[in-house]
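J.: just coords:
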């Protein structure tokens, strides 16, 4: 099962302290393991966990890029395929309590200045999870025009909700062959053009 | 990409004033109240509201009437999807909670229930909050109305619920879902779904002819429908088939364990189920196509639901494995085939663990699969669950698993070390099976040099896992070699880098590329036959093949230009922590011989390390800590390794390059070179050590007089003084000599040159220490007692920490001595 999905920044944002990462979109597939009784504090705890995760992934992506010695080529709108082709991919394990109560596997995809992060339960089918993450990232890049200067990612995040609703309903990874995918893609493009 | 414009939008959303926000709430309420289709204006406003409620980590509380409005609208079905999604998202992110209201409204319509459930699930705080959703879904499953739609996300929601709380379903409900899963898994139609082809006034009966679904290679699908069957459209049963397979692993893991019939009562219930199934089954399979596999397994209908599901899931996986051999026409389907292999083998493994009778049926299939995939590195990740299957069941089925593990431990790390996902899965496989691997698979420990390759390449991501794995790789036979390998880990990272570069820049590019490279000469060396042995040693796949410690220096030189590369530096940073794990663990099983060997390795390797400055400093710290532990465990180490220790402590060069380690070694000599610890500790031996250290102190004081004195750390001087005094207290003929040295040292400490390089405090400290020791040695029996080895003080009355207790004892005695001398003067 997928526990959550986020999109966040990798390079520093001026308003944040060094090492910080701005979470642009996050979705947790509940119910989650959260011991806070007060709804307000529950939400706060959830968001703090996601922030901690985003920082962790940011570090992982930076270390990966350092080690590989690759320098990012800036892509512009329309070059989504190139950007995704050059994206870095990695997996890491979060021990229990860091920051989620149970152990988790995290898959990340670093595309230019953004990371797409999928949090899964341990022993998830990682081949399936990786394929799903790449697919979601591609949709986000194209439909939200992430390579452009616009604010779609903030204002039109309902598209990501609709995307996740189909490809990871309630956190379930799906074994979709190309026809299933095609049908869902068509539904999605109908959603976007509405 | 993320721009400053976006950043200011976030800021605006966060800092919106209450007054403005309430106006905005009012406007949205008005828009929603207007009895017309919600146009762009509504959507735009809802999108802004969505950003406002989700932009901060502090929850926003919506006015009750707006909240109510959103809930009511979400529960009624008349809205376009986008509006529904926005309602869902806003309700999910804001307060007050919607759990109660939305759960109550669930009964109305199944189509929006997935969205409604999403809100309830994300705000639920306990089992009671989600129970209504669960009951709602099960009621619809049970009712089985012929035209009644069920919520298409029933199964994903159920999976989420059972992973949150498995007890949420009663035994009867588990059986109900199990029966449904059997239906969906095995009896989905083999014809293409009708949803797209129907309609059209002119479309004659010909277009309504059922079109069969095909396999991924285009052949007409036989047997039964699986996720590897394709068609232009799919019917509901086929969608449910896909959802059912996607969740079956989780389901089996959660509920299968209890389903194994064991005792008499289980047998009884089995008979009851058989009777009920006889009536029940016919209706369920009416519309299904009787397939080849189902024809052969008709007896399974007599099983209770859980066991029947197990049987059907097994058949499904069996068919998937067969289907994965087909050459897919689409690349995405090839990827899906791989994922299906992983899932199918994992599910078979789960089933075989629950019911071993399946092992004999599963093995031919898994074995054939292994045979097919073993040659192809592209399928490496699919081989990990296969290895898990062999590990769990090969013994029972009397199947040889050697080849599988050889592939896993030999080929993968050496050829695919740079695949992060494979590395992760490999390491998790090892972690999950550590206990079995270390006892049952000799190749596991044997392959540690290979297993380290993943670590060397992706150190930061994997270090936590290797801290857990390392103890399972260690045994008396491999400990010394593992220690060397850990010290060589940054070299391994550098060499792997060269290996990768060398492979990716072949022939024609070589010349062009080499000249511009910062690592050109390292790469050149990598290709030269004269260095081949050296690199082969670092890249060796298994333990025990060759030992080129003599030529390590040469390797370090060759790799020197890579010492600053980020990958090598990252790797070097994880070595100290792994060394701590190594030593903390090795002391649990090491005998005296091994302890001696390890201490020797530390001394030897202290001058044979890859030249990364911070790496060396860290390592000397680690060496110091652990050589102390080793000595404490086996104090006779000092006598056994006396020659090496003396060589080490007698060289002033070591003071500069390895201050930390040097200080500790000198301290150890003073602490443990005593007949108390080893009867072989003769006067001659003590004298030899004494003379060695005396010479060092002499050399230091001599150098002090030269033109440009090197600045020795004051701590080294005090430790040397103390150690000399300790040795003298054990062989009292030496006392005059040490007193002389001490007084000389006092003079030097007061000399102008020294005053220039030490702080006043340091000088003071040196002189005080020298005085204390001189005074102490005036009373040899007291000195012997104060400077005695720690072991004497190990009785409970003594402070445990010898480091802390010695100075205290010395201060007390020294105080007494001072008093005594002042009495003498006054008297």
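T.: Structure's in. What do you need? If you're wondering where the values come from, they're calculated on a predicted model, not measured in any experiment.

J.: Any stretches of chain A with poor pLDDT?
T.: Within chain A, the stretches with pLDDT under 70 are A:12, A:14-15, A:194.

J.: report the longest helix in it, please.
T.: helix A:39-68 (DSSP state H).

J.: That helix - contacts with which helices or strands?
T.: The contact analysis (3 or more C-beta pairs under 8 Å, 6 or more residues apart in numbering or on different chains; DSSP states H and E) places helix A:39-68 against strand A:2-9, strand A:23-28, strand A:88-94, strand A:104-111, strand A:114-121, helix B:459-473, helix B:566-589. In this view, the C-beta of every residue, glycine as well, is placed from N, C-alpha and C.

J.: How much space separates residue B:98 from residue A:169?
T.: According to C-beta to C-beta, to the nearest Å, residue B:98 stands 19 Å off from residue A:169.

J.: residues in the stretch 301-450 of chain B within reach of chain A, list them.
T.: Within the stretch 301-450 of chain B, the residues that sit near chain A (C-beta under 8 Å from any C-beta of the partner chain) are B:330, B:332-333, B:335-336, B:338-340, B:342-343, B:346, B:381-382, B:420-421, B:424-425, B:428.

J.: hang on, the earlier thing: right, so of the helices and strands packed on helix A:39-68, which gets closest to residue B:239?
T.: Nearest to residue B:239, of all the helices and strands packed on helix A:39-68, is strand A:2-9, at 19.3 Å by C-beta to C-beta.

J.: how far does that closest one sit from the chain's center?
T.: 4 Å (C-alpha atoms, centre = their mean, to the nearest Å).

J.: Which residue ranges of the stretch 501-650 of chain B form strands?
T.: Taking DSSP state E, counting those that start in this stretch to define them, one finds no strands in the stretch 501-650 of chain B.

J.: Listing request: residues of it with sub-threshold pLDDT.
T.: Using pLDDT under 70, the stretch 501-650 of chain B drops low at B:505-519, B:545-549.

J.: Helices of that one, start to end?
T.: All helices of the stretch 501-650 of chain B, identified by DSSP state H, counting those that start in this stretch, fall at B:507-516, B:520-527, B:529-538, B:552-558, B:566-589, B:592-605, B:613-633, B:637-640, B:642-649.

J.: most packed of the ones you listed?
T.: Comparing the helices of the stretch 501-650 of chain B by mean neighbour count (mean count of other C-beta atoms under 10 Å in any protein chain shown), helix B:637-640 ranks first with a mean of 21.

J.: which other residues reach it?
T.: B:595-596, B:599, B:630-631, B:645, B:668-669, B:672-673, B:677-678, B:680-681, B:685 (C-beta atoms under 8 Å, 6 or more residues apart in numbering or on different chains).

J.: swap the cut-off to 10 Å and go again
T.: Outside helix B:637-640, the residues within contact range by C-beta atoms under 10 Å, 6 or more residues apart in numbering or on different chains are B:592-593, B:595-596, B:598-600, B:627, B:630-631, B:634, B:645, B:665, B:668-675, B:677-682, B:685, B:689.

J.: Surely residue B:674 and residue B:723 touch.
T.: No - in this structure residue B:674 lies outside contact range of residue B:723 using C-beta atoms under 10 Å: 11.8 Å.

J.: out of those two, which sits in the busier spot?
T.: residue B:723 (26 against 23; other C-beta atoms under 10 Å in any protein chain shown).

J.: List the contacts of the more buried one.
T.: Residue B:723 is in contact with B:649, B:663, B:665-671, B:673, B:689-690, B:693, B:697, B:738, B:787, counting by C-beta under 10 Å, 6+ apart.

J.: again, but for residue A:16
T.: Neighbours of residue A:16 in contact, by C-beta under 10 Å, 6+ apart: A:9, A:22, A:55, B:7.

J.: Make sure the last one is indeed in a helix.
T.: Yes - inclusion of residue B:7 in a helix is indicated when DSSP: H, G, I helix; E, B strand; the rest coil is applied.

J.: so it sits right up against residue A:22, yeah?
T.: Yes - in this structure residue B:7 lies within contact range of residue A:22 using C-beta under 10 Å: 7.5 Å.

J.: out of the two, which sits in the more crowded spot?
T.: Comparing residue B:7 with residue A:22 by other C-beta under 10 Å, the one with more neighbours is residue A:22, at 20 against 17.

J.: show me what contacts that one?
T.: A:7-10, A:12-13, A:15-16, A:51, A:54, A:58, A:114, B:2, B:6-7, B:10.

J.: burial of residue 123, as a residue count?
T.: This is for chain A. By other C-beta under 10 Å, 14 other residues sit near residue A:123.

J.: Chain B was what I was after
T.: 25.

J.: re earlier: could I get the helices and strands packed on helix A:39-68 as JSON lines with distance to residue B:412?
T.: Formatted as JSON lines, these follow (distance: least, C-beta to C-beta, whole Å):
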{"stretch": "strand A:2-9", "distance to residue B:412": "27"}
{"stretch": "strand A:23-28", "distance to residue B:412": "34"}
{"stretch": "strand A:88-94", "distance to residue B:412": "16"}
{"stretch": "strand A:104-111", "distance to residue B:412": "19"}
{"stretch": "strand A:114-121", "distance to residue B:412": "22"}
{"stretch": "helix B:459-473", "distance to residue B:412": "14"}
{"stretch": "helix B:566-589", "distance to residue B:412": "19"}
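
J.: check contacts around the residue lying closest to residue B:580 once chain neighbours are set aside.
T.: Distances taken as C-beta to C-beta, 6 or more residues apart in numbering or on different chains put residue B:622 closest to residue B:580, at 6.5 Å, once the chain neighbours are dropped. Taking C-beta under 10 Å, 6+ apart, we find residue B:622 in contact with B:575, B:576, B:577, B:578, B:579, B:580, B:582, B:583, B:602, B:660, B:661.

J.: ok, and the closest non-adjacent residue to the second one?
T.: So that's residue B:576. residue B:618 (4.6 Å).

J.: Contact partners for that neighbour?
T.: Residue B:618 is in contact with B:572, B:573, B:575, B:576, B:577, B:579, B:612, B:660, counting by C-beta under 10 Å, 6+ apart.

J.: element containing residue 136, please.
T.: Using chain A here. Element membership for residue A:136, per DSSP states H and E: helix A:126-143.

J.: Hmm, no, I was thinking of chain B.
T.: In the assignment (DSSP H and E), residue B:136 maps to helix B:127-143.

J.: Likewise for residue B:421?
T.: helix B:420-440.

J.: residues near the residue in the stretch 401-550 of chain B positioned nearest to chain A, how many?
T.: Going by C-beta to the nearest C-beta, chain A is nearest to residue B:424 of the stretch 401-550 of chain B, at 4.0 Å. Other residues within reach of residue B:424, judged by other C-beta under 10 Å, total 24.

J.: which residues touch the nearest residue to it once chain neighbours are set aside?
T.: Once flanking residues are discounted, residue B:424 sits nearest to residue A:91: 4.0 Å by C-beta to C-beta, 6+ apart. Contact analysis of residue A:91 by C-beta under 10 Å, 6+ apart lists A:60, A:105-108, A:118, A:120, A:126, A:129-130, B:420-425, B:427-428, B:458, B:461-462.

J.: and with 7 Å instead?
T.: Residues in contact with residue A:91 (C-beta atoms under 7 Å, 6 or more residues apart in numbering or on different chains) are A:105, A:106, A:107, A:126, B:420, B:421, B:424.

J.: Give me the pLDDT for the fifth one.
T.: Translated: residue B:420. Residue B:420 carries a pLDDT value of 93.

J.: need the contact list for it.
T.: Neighbour list for residue B:420: A:89, A:90, A:91, B:458 [criterion: C-beta under 7 Å, 6+ apart].

J.: distance of it from residue B:631?
T.: Counting by C-beta to C-beta, the gap from residue B:420 to residue B:631 is 41 Å.

J.: What of the last one?
T.: Between residue B:424 and residue B:631 the computed distance is 39 Å (C-beta to C-beta).
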